[in-house]
Each structure stands twice: as structure tokens, then as C-alpha cells.
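Q: predicted model, plus sequence, below.
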Amino acid sequence: MSARPASAQDALGGRRLRAGIVGGGRGAFIGAVHRMAAELDGEALVVAGAMSSDPGIARSSAAAWYLERSYDSFAAMARAEAGRPDGIDFVIVATPNHLHYPVAKAFLESGIAVICDKPLTHALADAEALATLVERSGRPFALTHVYTGYPMVREARERVRRGDLGAIRKVLVEYHQDWLLEPLERGANKQAAWRTDPERAGLGGAVGDIGTHAQNLLEYVTGTAISALSADLSSFVAGRTLDDDANMLLHLEGGAKGILSCSQIACGEENRLSLRVHGATAALEWHQQEPNTLLLKRAGEPWERLRTGAPALSPSAASRLPAGHPEGYLEAFATLYRAFIADLRRHARGEPLQGGYPNVHDGVRGMRFIQTAVESSRLGAKWLPL
């Protein structure tokens with residue numbers, strides 16, 4: 001495995017980090033989100049990119065972002081940046097799913113750390129191979145399950161951890177959208193085209209795109225893994241190959257039960273990600289469309305409405321803004337970037353990594369969830385271990 005020149009690592013503590021991006025060019029949504037989040041705290045600047053497999057789009061997209069360097073391919077970018085004394089310190093992978101593995105592999109083998117959009121890869125075998133590469137490299141690797149970056153999600157996790165809810169009995173998580181209500185993939189919608197194509201998206205449609213967020217959120221907050229599931233996946237839009245709706249029953253380690261529902265054809269829904277955790281003595285409820293609020297429901301008592309910025313919250317729920325100021329999606333993304341960049345600096349100093357962001361093993365878990373859900377549905381909603 002190639003190593004970066006020593007000079008490229010020596011001064012991370014004394015300068016802003018240099019980032020590159022693969023994908024995210026004209027017509028993409030998530031690339032601009034990654035860029036804004038990476039740069040929000042002033043810790044990093046995106047300076048290079050291979051922003052499309054089409055060289056013309058790659059160059060025009062890089063010019064629109066005023067990048068210092070543009071490449072026609074990710075392979076050329078990985079080679080060139082690894083050899084430069086002013087090369088990038090990490091790369092953002094913002095491509096369709098089928099490119100996550102080859103892109104991440106190329107940069108890891110060039111000695112460059114990776115932050116990758118979810119799901120981790122196109123297939124479980126690639127995810128497991130990537131995890132081996134990350135472990136061998138010793139470098140930080142982040143997966144952008146953005147909802148773990150919200151302050152009140154972190155507060156919910158802390159309250160479950162310290163036993164405020166008692167033993168967890170039931171968990172309900174839903175992620176409903178309606179943007180694929182019509183067959184947009186048959187027109188010029190670039191996002192719909194690749195997200196509904198098994199060659200680029202992988203085994204799962206809605207279950208891979210947003211179901212993995214629901215699974216990750218449930219396991220993150222409860223600190224408990226899903227042990228088995230029974231899944232019913234549907235493709236409601238005629239001619240669509242991948243699922244656009246999924247409903248699952250869950251068994252959690254320790255005996256709790258759960259329900260997970262995700263859909264991209266739920267008419268009238270924008271981006272409804274909601275989580276309810278019911279324990280023996282209390283419950284928590286969080287909604288992504290009202291992210292600054294966490295409801296605490298103690299048995300026999302009035303509900304409490306917890307808000308970001310309140311002094312009684314745990315340190316893990318630290319807010320970027322004074323109480324009452326909206327704090328949302330970009331800030332949550334930036335919180336993951338801040339923790340990832342802090343680990344890059346620790347790695348350069350030879351110090352242990354501290355995490356604070358979803359990692360490659362969370363990504364493997366998500367890929368196993370997709371594969372298990374698809375197989376369960378194929379077998380008539382058969383219960384399968386996860």
C-alpha cells in the first residue's frame with residue numbers, strides 16, 4: 001500500500017486541511033452538501049475534484065466551484081494527489097453506489113483518507129473488502145449517516161445509555177418520501193435514474209437509499225443491534241426494478257421488538273424521518289423535520305419538550321447556535337466532518353482515533369441489512385438473522 005510523503009502529514013495541526021471530491025458534479029444533489037459541510041467550520045477547503053465520468057462535465061463543475069485542480073478520472077486524481085507535496089488530505093466520495101468501492105479503494109491505497117456517502121458500497125462483499133483495507137491503513141474512514149450528527153439525536157442516545165427509559169421494549173422508525181411517486185427515472189432526472197437502477201444502486205432501492213438511514217438511526221440511538229427481521233418490499237411504480245416501499249418487523253438484541261418502514265412513494269411526504277423509543281419507564285420521540293426538539297414521555301407524567309441549546313442537555317448534544325436558532329441538515333453534516341477532521345489530525349500526530357462519526361463497520365452493517373431485507377422479502381417475509 002502506498003504511503004503519502006511525510007511532508008504531506010507533518011503540518012496538519014497548523015493549517016486548514018485540503019479536501020478532494022469524486023462525483024457531485026452538475027446535476028447532483030449531495031456533492032454541494034458535502035462541500036458546504038466540509039468547509040463550514042473553516043477546518044478544510046475542497047481544492048480538487050474528479051466530479052464526473054464525463055470529462056467535460058467534470059471540468060465545468062470544477063470551474064463552477066473554483067477548484068484549483070480538476071481530473072478526468074478518480075484513478076488519475078488518486079495518483080496525482082498522492083504524489084504532490086500540497087496534495088489533498090482526504091477525499092469525499094459522492095458518486096452513485098457502484099463507484100464507492102473502487103473510488104475509496106484507490107484513495108486508501110494511495111495513502112489518502114476517505115469520507116464516503118452511504119450506503120457504503122454496491123454489494124456486501126465489497127463492503128467487507130473495504131473494511132479490511134481501512135483496518136490495514138489505520139486511517140480514519142467516515143460514512144455520512146448524517147442524522148447521527150443532530151444534537152437531539154445525540155441527546156436521545158445519551159438518555160438511553162444512562163437508563164432514563166428503563167429497559168427498551170419497542171422501537172418504531174419510519175422514513176417516508178414521495179419524490180419517486182412517478183417514474184421520474186424514465187425522463188431526464190439523473191438522481192432517479194441511478195437510484196432505481198440495480199447496476200448502479202445495488203440490491204436495494206428505497207431500502208438501500210433511506211432504509212439504511214432508518215436502520216442506522218435505530219441502532220445508534222438504542223445502542224442495540226437488530227438481531228433478525230421480516231421484510232416485505234414492494235415496487236409500486238410499474239416497470240420499476242428495485243423496491244420503492246418497504247415494511248419490516250424487527251427483533252432487537254436483548255428482547256425488544258421494532259417496526260421499520262421506509263418509502264419513496266408515500267404521497268404527501270417530504271422527508272419524514274421519525275423515531276420513537278419506548279422503554280419500561282419512559283419514551284423518546286424525534287422527528288427530522290423538527291430536529292431541534294426531542295420529546296421525553298415519562299410514565300404517568302406530562303410530556304417534556306427538550307430543545308437544543310438548553311443547559312441541562314448532555315455534552316454530546318452540544319449545539320452550534322444559541323437556543324432558538326434553527327440548526328439542521330448542513331450543521332449535522334458538518335458535525336460529522338468536524339469529528340472526522342479531528343481524527344485526521346490525531347492520526348498525523350500518531351495519537352489514537354476517537355471517532356464520533358459512523359465508520360466503515362457501520363457501513364458493513366448497513367450493507368448486511370440491505371441484503372437481509374431483500375432476501376427476506378424474496379422468501380415471503382421470512383424471518384432471517386441479521
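A: Cool, the structure landed.
Q: how does the chain divide into domains?
A: Listed by automatic domain parsing, the domain ranges of the chain are 6-147+335-355, 151-323+366-385.
Q: in CSV: these, plus mean pLDDT and mean neighbour count.
A: Every residue, glycine included, has its C-beta placed from N, CA and C. As requested, those are exported to CSV (pLDDT from 0 to 100; neighbours: other Cβ atoms under 10 Å):
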stretch, mean pLDDT, mean neighbour count
domain 6-147+335-355, 94, 20
domain 151-323+366-385, 97, 19
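Q: now these in a markdown table, with distance to Tyr329?
A: Output for the domains of the chain, formatted as a markdown table (distance: least, Cβ to Cβ, whole Å):
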| stretch | distance to Tyr329 |
| --- | --- |
| domain 6-147+335-355 | 7 |
| domain 151-323+366-385 | 8 |
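Q: distance of Pro385 from Glu128?
A: For Pro385, the distance to Glu128 (Cβ to Cβ, to the nearest Å) stands at 17 Å.
Q: wait, I meant Val146
A: 24 Å.
Q: just Phe74 next, same as before
A: From Phe74 to Glu128 the distance is 21 Å (Cβ to Cβ).
Q: just Leu172 next, same as before
A: 30 Å.
Q: what's near enough to touch the nearest residue to Ala44 once chain neighbours are set aside?
A: Spatial nearest neighbour of Ala44, excluding adjacent residues (Cβ to Cβ, 6 or more residues apart in numbering): Leu17 at 4.2 Å. Neighbouring residues of Leu17 by Cβ atoms under 8 Å, 6 or more residues apart in numbering: 43-45, 89-90, 341, 344.
Q: which parts of the stretch 51-200 of the chain are helices?
A: 55-64, 74-83, 100-109, 124-137, 151-161, 190-195, 198-201 (DSSP state H, counting those that start in this stretch).
Q: report the angle between the longest one and helix 100-109.
A: What separates the directions of helix 124-137 and helix 100-109 is an angle of 10 degrees, with axes from the mean of the first three to the mean of the last three Cα atoms, to 10 degrees.
Q: ok, and what's touching helix 124-137?
A: So helix 124-137 is in contact with 1, 100-101, 104-105, 108-109, 111, 114, 120-121, 141, 359-361, 363-364, 367-368, 370-371, going by Cβ under 8 Å, 6+ apart.
Q: repeat that with 10 Å
A: 1, 3, 97-98, 100-102, 104-105, 107-109, 111-114, 116, 119-121, 123, 139-141, 202-203, 347, 359-361, 363-372 (Cβ atoms under 10 Å, 6 or more residues apart in numbering).
Q: likewise the shortest one?
A: Outside helix 198-201, the residues that touch it by Cβ under 10 Å, 6+ apart are 95-99, 119, 122, 193-195, 204-205, 208-209, 241-242.
Q: could you point out the helix or strand that follows it?
A: Next helix or strand after helix 198-201 toward the C-terminus (DSSP states H and E): helix 206.
Q: state the next helix or strand along the chain beyond that following helix.
A: helix 212-222.
Q: what angle sits between that next one and helix 151-161?
A: 50 degrees.
Q: quick one: Arg345 and Trp286, what's the gap?
A: Taking Cβ to Cβ, one finds Arg345 at 31 Å from Trp286.
Q: sorry, slip of the keys, the one I care about is Ala125.
A: Distance from Ala125 to Trp286, by Cβ to Cβ: 34 Å.
Q: and the helix or strand that contains Asp343, what does it pack against?
A: Assigned by DSSP H and E, Asp343 belongs to helix 329-348. In terms of contacts (3 or more Cβ pairs under 10 Å, 6 or more residues apart in numbering; DSSP states H and E), helix 329-348 is packed against helix 6-10, strand 17-23, helix 30-39, strand 44-50, strand 90-94, strand 113-116, strand 141-143, helix 151-161.
Q: quick one: distance of it to the chain centre.
A: Computed by Cα atoms, centre = their mean, to the nearest Å, the chain-centroid distance of helix 329-348 equals 13 Å.
Q: returning to that earlier point: and the contacts of Leu17, which two are furthest apart?
A: Farthest pair in the contacts of Leu17 (Cβ to Cβ) is Leu45 and Leu344. Separation: 13.8 Å.
Q: for Leu306, list the residues it contacts.
A: 152, 155-156, 159, 284, 286, 292-296, 312-313, 317.
Q: isn't Tyr329 up against His34?
A: No. Judged on Cβ atoms under 10 Å, Tyr329 makes no contact with His34 at a distance of 11.9 Å.
Q: ok so, going back, can you tell me which of the contacts of helix 198-201 is closest to Arg307?
A: Using Cβ to Cβ, Asp209 is the member of the contacts of helix 198-201 that lies nearest Arg307, at 30.2 Å.
Q: what sits against the closest one?
A: 97, 118-119, 175, 177, 180, 191, 195-196, 201-202, 242-244, 262, 264, 370.
Q: show the end-to-end separation of stretch 377-386, please.
A: 14 Å (Cα to Cα, to the nearest Å).
Q: from Ala342, how far off is the closest residue to Leu252 other than its chain neighbours?
A: Nearest residue to Leu252 in three dimensions, chain neighbours excluded: Thr224, at 4.9 Å (Cβ to Cβ, 6+ apart). Note on Thr224: its distance to Ala342, by Cβ to Cβ, is 27 Å.
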